[in-house]
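*Asks:* Predicted model and sequence follow; I will ask about them next.
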Amino acid sequence: METSGGCLCRSVRFSATAAPLAARVCWCRVCQYLGAGNGAMSVCFRADAVSVEGEVKWFESIADSGNRMRRGFCPACGTQLFSKAESRPHLVFIRAGALDDPNLMKPQMTIWTDSAPRWACIDPALPKMSGQPPPVA
């Protein structure tokens with residue numbers, strides 16, 4: 001299975017040669033910034049299955065979970081692309097909006113629901129976690 005995607009201006013392109021492992025909608029405050037006020041939908045892949053062409057800039061911060069995170073974006077158009085936890089270097093989360101096929105995997109869970117604004121549209125059919133879930137296996 002090959003999955004591809006990239007940024008809005010097409011300066012960055014990526015591909016994944018393995019199937020996705022998980023998909024989550026996150027409502028932590030950082031993801032609300034990344035999602036322009038909404039939750040961020042990300043799809044998890046094995047890092048060794050993902051290749052990237054083009055320049056990616058990285059921003060490092062400590063997440064609400066306490067994990068040291070690196071978030072990658074296109075320096076030309078600003079499209080949010082990747083999220084990596086220092087504690088799980090074998091995984092990379094790719095923003096679903098950057099996938100060529102955003103229907104690749106529907107969300108399996110909504111996380112950090114306690115941080116969501118009162119107006120948030122959270123799918124009642126999905127399992128919910130008030131904070132950080134266990135890591136993807």
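*Replies:* Here it is on my side, so go on. Numbering: from 1, shown residues only.
*Asks:* Tell me which residue of this structure is furthest from the middle?
*Replies:* residue 118 (22.4 Å; Cα atoms, centre = their mean).
*Asks:* Pick out the residue nearest the middle of the protein.
*Replies:* Geometric centre of the chain, nearest residue: residue 42, 3.1 Å, by Cα atoms, centre = their mean.
*Asks:* For the residue lying closest to it once chain neighbours are set aside, give me its contacts.
*Replies:* Spatial nearest neighbour of residue 42, chain neighbours left out: residue 93 (3.9 Å); criterion: Cβ to Cβ, 6 or more residues apart in numbering. C-beta coordinates here come from the backbone N, C-alpha and C atoms, glycine included. Residues near residue 93 by Cβ atoms under 8 Å, 6 or more residues apart in numbering: 42, 43, 44, 45, 82, 83, 84.
*Asks:* re the thing from before, my guess is the residue nearest to the centre of the chain meets residue 20, correct?
*Replies:* No: applying Cβ atoms under 8 Å, one finds residue 42 not in contact with residue 20, separated by 9.9 Å.
*Asks:* Give the buried residues for the helix or strand bottoming out on mean pLDDT in the chain.
*Replies:* Least confident helix or strand, the chain: helix 29-34 with a mean of 92, by mean pLDDT, DSSP states H and E. For helix 29-34, burial by neighbour count (16 or more other Cβ atoms under 10 Å) applies to 30, 31, 32, 34.
*Asks:* which is the next helix or strand following the helix or strand containing residue 43?
*Replies:* According to DSSP states H and E, residue 43 maps onto strand 40-46. Using DSSP H and E, the next helix or strand after strand 40-46 towards the C-terminus is strand 50-53.
*Asks:* Now do that following strand: which elements does it pack against?
*Replies:* Applying 3 or more Cβ pairs under 8 Å, 6 or more residues apart in numbering; DSSP states H and E, we find strand 50-53 packed against strand 13-16.
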